[in-house]
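In: Give me coordinates for this.
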Amino acid sequence: MCKVTLLFPLWEQVTIDNMRILSRSTLRNFWKSHPDAEEALKTWYYEASHANW
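Out: Presented below is the predicted three-dimensional model:
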């Protein structure tokens, strides 16, 4: 019998295709506590907001 290894816990399998949208203010609050993440988050936000989903 073959054992299957899940990449995500079973309870998260249903929501794997969903996307959570973060506001810029949420990201800003995070990078105030983690300044080393600021530039990467700003870049990600720019790319995500200009993407053609």
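In: what's around Leu27, how many residues?
Out: 16 (other C-beta atoms under 10 Å). C-beta: built from backbone N, CA, C; applies to glycine.
In: likewise the one 10 residues further on?
Out: Other residues within reach of Ala37, judged by other C-beta under 10 Å, total 14.
In: Find the nearest non-adjacent residue to Arg24, please.
Out: Tyr45 (6.1 Å; C-beta to C-beta, 6 or more residues apart in numbering).
In: Which strands or helices does the helix or strand where that neighbour lies pack on?
Out: Using DSSP states H and E, Tyr45 maps to helix 38-50. With contacts defined as 3 or more C-beta pairs under 8 Å, 6 or more residues apart in numbering; DSSP states H and E, helix 38-50 has these neighbours: helix 24-33.
In: what residues does the helix it packs on touch?
Out: Outside helix 24-33, the residues that touch it by C-beta atoms under 8 Å, 6 or more residues apart in numbering are 37-38, 41-42, 45.
In: Ok, stretch 39-52 next?
Out: So stretch 39-52 is contacted by 24, 27, 30-31 (C-beta under 8 Å, 6+ apart).
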